[in-house]
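Peer 1: take a look and give me a structure for this.
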Amino acid sequence: KLIKYTVKEVVVKGYTSTITTEKEGKYTITNEYTPEKIAVSGQKTWIDNNDQDRIRPASITVKLLANGKETGQEATATAETGWKYEFTNLDRYQNGKPIEYTVKEVGVPTVYTATETGMNVTNTHTPEKTSVKGKKIWKGDENHKDARPASITVKLFANGKDTGKTAIASEASGWTYEFTDLDRYQEGKEIAYTVEEVNVPDGYTASVEGYNITNTHTPEKPTPGKPNEPGKPKKGGELPNTGSKSNQVALVAGIALLGLGTGFLARRKKED
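Peer 2: All right, here's what the predicted structure looks like:
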């Protein structure tokens, strides 16, 4: 019997082969190459103290680059996507070499700086800072400056809560104090800072206006003496002085004469 010959190509990676028979003993093999496809994905990372200033945008857009050149493709990431994005159906090779895919953020949000590393983007924002500065004012003690302490201590409150921070003011500092490197916002709202003096010095009352503290000297008032009640004699049974010294002598002489007269009458009565 006549032998029938056929051919079959050994599989070539990345190609699909098609064999056609033109006439007996003549075959045509067509290899068709299908470029390998891949998908790439990335992640947006925020370094902004959990969006403390509440300025993070609702979404971000990144554009895809292949070997440093723009491909025209873009992707969007949001909080709902976990700030992740993906590009699919991308050629894996170009001229036989693997393509290096990278991304670049479009329209970086204001006050953020973006850093792209491969397919990932990191946005960094340093929360805005502020400072609080105040002064101690002394009143009413111009003639009693020795009553002032050498220094005073002020504690800081943020939205009514003690921050645990304190500052000291003294004559050497011009009686001024300052708190620095303070967060300006909390959950997107500006923080209200207030101050309070610790242990107000004796003899002073403190009042606060803004960040300035005024200590007013309040000297102790003397306690007045208690007057004697009308008509009440002095202690010790002393009689009031109602006459002159001569009157007192006459009184003593009268008593003596009365005694002599009484004795004389008694003798005459006995003789009779």
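Peer 1: show me where the stretch 1-150 of the chain has helices.
Peer 2: For the stretch 1-150 of the chain, helices defined by DSSP state H, counting those that start in this stretch do not occur.
Peer 1: so where's it shaky on pLDDT?
Peer 2: Across the stretch 1-150 of the chain, the ranges flagged by pLDDT under 70 are 25, 143.
Peer 1: for it, which segments count as strands?
Peer 2: 15-23, 26-33, 37-47, 59-66, 69-78, 84-91, 93-94, 97-98, 101-106, 113-117, 120-124, 129-139 (DSSP state E, counting those that start in this stretch).
Peer 1: redo the ones you listed as TSV? Include distance to residue 162 and mean neighbour count.
Peer 2: The way it works is simple: take the backbone N, C-alpha and C, and place the C-beta from them, glycine included. Shown next, in TSV, are these (distance: least, C-beta to C-beta, whole Å; neighbours: other C-beta atoms under 10 Å):
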stretch	distance to residue 162	mean neighbour count
strand 15-23	75	10
strand 26-33	72	11
strand 37-47	29	15
strand 59-66	38	18
strand 69-78	38	14
strand 84-91	41	15
strand 93-94	63	12
strand 97-98	59	10
strand 101-106	41	18
strand 113-117	34	13
strand 120-124	31	18
strand 129-139	14	15
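Peer 1: minimum distance to residue 198: which of the ones you listed has it?
Peer 2: Among the strands of the stretch 1-150 of the chain, the nearest to residue 198 by C-beta to C-beta is strand 129-139 (12.1 Å).
Peer 1: re the thing from before, would CSV of the strands of the stretch 1-150 of the chain with distance to residue 184 be doable?
Peer 2: Output for the strands of the stretch 1-150 of the chain, formatted as CSV (distance: least, C-beta to C-beta, whole Å):
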stretch, distance to residue 184
strand 15-23, 63
strand 26-33, 60
strand 37-47, 18
strand 59-66, 24
strand 69-78, 27
strand 84-91, 31
strand 93-94, 49
strand 97-98, 48
strand 101-106, 26
strand 113-117, 19
strand 120-124, 17
strand 129-139, 4
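Peer 1: residue 7: which of the ones you listed is closest?
Peer 2: strand 26-33 (5.0 Å).
Peer 1: not counting its own residues, what contacts the closest one?
Peer 2: For strand 26-33, the external contacting residues (C-beta atoms under 8 Å, 6 or more residues apart in numbering) are 6-7, 9, 12, 14-22.
Peer 1: farthest pair in those residues?
Peer 2: Taking C-beta to C-beta, the two most distant members of the contacts of strand 26-33 are 14 and 22; they sit 26.1 Å apart.
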